[in-house]
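> What follows is a predicted structure for the sequence shown.
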Amino acid sequence: MTQVKKIVVLSLESMAGTELQMKYGSLIQQETKAASRLEATIEGSFKPGSGSAIVTVKAPNYSFSFFVRDIHAKYPVYLPEYGVIVTDGEDTRTYREIEDSILSLRKLKTLEKVKLEPETSYEGVSPHTKDLHFQTWLGLSRDFRIFTVDFHESLNSVLFDYVEPRFHLPLTTIPETDNAPVRYSFRIGRGVAPKKIQRRRLEDGVLPILHGVVDDGDIVYNTTTFVTLERSDLTKEHVRGTHYLVADGHTSGQMFTPSQKEEYDRLLPIEMDQEEETVIYYRVEAINTADVPRYCWLFAPLPNGRSCPTNEVNHLTYQFDSETGFGVYGSGRVYGIVTINGEPLQDQEMAILIQPGEKLVLDMKIPHRPISRERAQALAAIDFAEKHAQCRAYWLDKLDQASSYRLPEKRLDEMVRAGLLHLDISTYGLEPAGTLAPTIGVYAPIGSESAPIIQFMDSMGWHDTARRSIMFFLDKQHDNGFIQNFQEYMLETGCVLWTIGEHYRYTRNEAWIAEVKPKIVKACQYILEWRERNKKEELRSIGYGMLDGKTADPEDPFRSFMLNGYAYVGLKRIAEVFAEIDAAYAAYLAEEAEAFKADIRQCFFERLALSPVVPLGDGTWCPTAPPWAEAIGPVALFADQGEWYTHGTYLCRDSLLGPLYLVFTEVIDPNEPAAQYILDFHAELMLMDNVAFSQPYYSRHPWVHLKRSEVNAFLKGYYTCFSALADRETYTFGEHLFAQTSPHKTHEEGWFLMETRWMLYMEERNTLKLLPGIPRRWMNDGESIQLDRAASYFGPFSLKTESDLQHGVIRARITFHENRLPGAVEVRLPHPLGRKPSRVTGGTYLAETEAVLVDSVASTVDVEMYF
């Protein structure tokens, strides 16, 4: 049913040359009543839902659009950047009268409110955010034989504590269970309690050695769990790893070409027949804290709870051997070894009286797959403490090979180191050299989602691991140059090129670039040919020269800004990489990249003009943009008919895959008005406490805030996001806010780690910006920040700050360890109370950013701020 409505467009400038255009409606009349007043009569549907009339105002200096249904005299469309107001046709007020009425209310936009709030902290947000729990993954670097561990009270419907052997994603299957998955369940303590009685923590808060406490009244059970090798000492020389193709074949969503599948089939039996198993060691110390004797209750691991599936052919079962403490299948193979105080466990289930102040030690050793009795006897004789010490040394050695961060906030200090090892556990391949598969939770490596994993490894100085991880994508590249590894995602090629460019910025490894140059060129040409196919006149204004295809899980085969932004920045980075290696090709690629950028920008700004404006919290309105070239406005506003609810939100395409990526991928400058528009409509419509819904680390606005020196907004999103999505005890990240899907999700953890890196240092062209996003409380008296050999585009550097406010000074020393010095250093040292320094030595004070600019950089830079 059509309706008729009158509207008025008011402008600070002459309306000469302004015209109105319609979508889903018709313009009955347009008349300029005065130089700055245009009146129009519109016919169409003004109801909620798709197909509602949209008007586009095309003026000489600006264009914008609005839903006719949104026009209301009480809340007129007010666009101060354009000097335009749209109101109801019966509203007789002038532009200035309406503007004064709006400004007199002194309201604020969401981001303006955030700017005025106190800085966010973990302690401030954690009581109000979700407290998610995720199972813990334990294993060894490079080896896809992992174990998941959890306690009974942590998950719904799980009545046992458990250990679960997996080949990355698939649960381990064995002949004894008729090739069904196996989980080993056991019980610590009396049972399911009316309150939370269990706590967990990584060793030192960092290492992949899980400690647990079950506080069962007077009996306290302390647990220690880790993974090691069956026979060999756990050293890096003895860790063989798993071939990357076989590991990849055991992930979710992976894709093989026919030749890759053939090679996988050849390698699989080799990789599944290793000389020794990985083994999980699980110690329980039951301590009587009472002053009278108390009982503790235990039962030993059982395959799949209380029963093992019967093999229909051989009728195989299992039994517990009290003479040896072995859990034995009917086949004779041993699935577990259990001892109490060094002696074999007598019965499967037991209640044992413990004297006051004394303890009982239960040790369990479970191989990844069952082993023979002879091997079990050898395993039973191995000392728990010796293996624990080896495991600890193995992981500490990993950290010793990385850059070091020492931060004033203990939780973050631990999360950085724990996070790096989380990335390492699920990066698979053969040691000591060769291709690695940087998996992301249960999923296969993806050029987009593996990017932050690889780039953080580079940030921590693990350049060889990063390079080997990039080789996964180059080794699996299709013959035509296309890179695709996961569920028909189309954006991986550009993302991989971008990551190669980032790796080169860190390493300047020209020898490796020369080695893989043919693969890189092939990938670049694939993008350019793909682009040529889309240079069609009928695509003008809806994606001329832009790539089309599925970007992520949703089946959206459009010319998305995320897909195209990554392709552009990938080409741009490779042009930079080849500048010294092949100047002619680099110049050609740079020119092509700039032309690509121009086409993306033209499409974006045309879409910006056609997309409906939305109201902001201060009474103004803001232009919006769609996630892809073919849409009008955020698809979640349903200008066009669609079904957009997915992954727990209506906003997935717009906030997680949308136009913010054009800022992140350098198509739009962070300080352009368009970047402000995108930030504003995201903050008002699509974020809560500056965090996106569902899978929030897909939203790249925290990086944009840092680039714009908007520290409060960055910290708001940074702390709120990780407090809601990371396990608060073990620091493991999940994928989504709505469920415990995809545990050990290293893509989300990778972006958290990169945001931490950017909070501590960012490169801006030829300037190294230090501490651009840290909380000012990190400068409290006596606090210190230390970065040791942090990797940057200018080579490794070290930083140490000291706050001696008792004597009125904050100091910073920066040391560069190579000759690749930046043109300038900007170090931000915010006073905890926001005070400005009375004197600065070592550089020029920048009041707006609370930083000191050093424009003559030596190998050592000293800065002091006096208050």
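Looks like it came in fine.
> Poorly predicted segments of this protein, please.
Scanning the chain for pLDDT under 70 picks out 153-158, 306-316.
> Break it into its domains for me.
3-106, 142-231+276-382, 769-866 (automatic domain parsing).
> so W751, which of the three states?
Assigned by DSSP: H, G, I helix; E, B strand; the rest coil, the conformation of W751 is helix.
> Just to check, it is in contact with P696?
No: the pair W751 and P696 does not pass the contact test of CB atoms under 8 Å, sitting 9.2 Å apart. To be clear about C-beta, it is placed using only N, CA and C from the backbone, and glycine gets the same treatment.
> Kindly list the longest helix within this structure.
Longest helix of the chain, by residue count under DSSP state H: helix 583-610.
> which element follows it toward the C-terminus?
Proceeding C-terminally, helix 583-610 gives way to strand 614-615 as the next helix or strand, assigned by DSSP states H and E.
> So which elements touch that following strand?
strand 621-622, helix 673-685 (3 or more CB pairs under 8 Å, 6 or more residues apart in numbering; DSSP states H and E).
> can you pull out the helices in the stretch 401-550 of the chain?
Using DSSP state H, counting those that start in this stretch, the helices found in the stretch 401-550 of the chain span residues 410-425, 451-459, 463-475, 492-507, 510-533.
> Please identify the buried residues of the third one?
Put plainly, it is helix 463-475. H463, T465, A466, R467, R468, S469, I470, M471, F472, F473, L474 (16 or more other CB atoms under 10 Å).
> relative to helix 410-425, how tilted is it?
Inter-element angle recorded for helix 463-475 and helix 410-425: 50 degrees (by axes from the mean of the first three to the mean of the last three CA atoms, to 10 degrees).
> now the longest one
Relative orientation of helix 510-533 and helix 410-425, computed by the same axes, to 10 degrees: 80 degrees.
> Under a three-state scheme, what state does the closest residue to E510 other than its chain neighbours occupy?
Leaving aside its chain neighbours, E510 sits nearest to I581 (6.1 Å; criterion: CB to CB, 6 or more residues apart in numbering). Of the three states, I581 takes coil under three-state DSSP.
> wait, I581 sits on I513?
Yes: applying CB under 8 Å, one finds I581 in contact with I513, separated by 6.0 Å.
> what about those two, which has more around it?
I513 (21 against 13; other CB atoms under 10 Å).
> Correct me if wrong: that one contacts T507.
No: counting by CB under 8 Å, I513 sits too far from T507 to count as a contact (9.3 Å).
> Just confirm V328 is within a strand.
Yes: counting by three-state DSSP, V328 falls inside a strand.
> partners of it in the sheet?
Per DSSP bridges, the residues bridged to V328 are Q319, V334.
> Then the one 10 residues further on?
Beta-bridge pairing of V338 under DSSP bridges involves M364.
> isn't it right up against M350?
No: assessed by CB under 8 Å, V338 is found out of contact with M350, at 10.3 Å.
> Which of the two has more residues huddled nearby?
A direct count of neighbours by other CB under 10 Å for V338 and M350 places V338 higher, at 26 against 16.
> give the contact list for the more buried one.
A300, P301, G325, G327, P344, L345, L362, D363, M364 (CB atoms under 8 Å, 6 or more residues apart in numbering).
> and which of those is nearest to A625?
P301 (55.3 Å; CB to CB).
> Can you give me the distance of the residue nearest to the spatial centre of the chain to E591?
In the chain, the centroid-proximal residue (CA atoms, centre = their mean) is E748; its distance is 2.5 Å. As judged by CB to CB, to the nearest Å, E748 and E591 stand 37 Å apart.
> on that earlier part again, which of the helices and strands packed on strand 614-615 is buried the deepest?
Of all the helices and strands packed on strand 614-615, strand 621-622 has the most neighbours on average by mean count of other CB atoms under 10 Å, namely a mean of 25.
> Show me how far it is from its chain's centre.
On the basis of CA atoms, centre = their mean, to the nearest Å, the separation between the geometric centre of strand 621-622 and that of its chain is 30 Å.
> need the next SSE after it, C-terminal direction.
As assigned by DSSP H and E, the chain's next helix or strand after strand 621-622 is helix 660-664.
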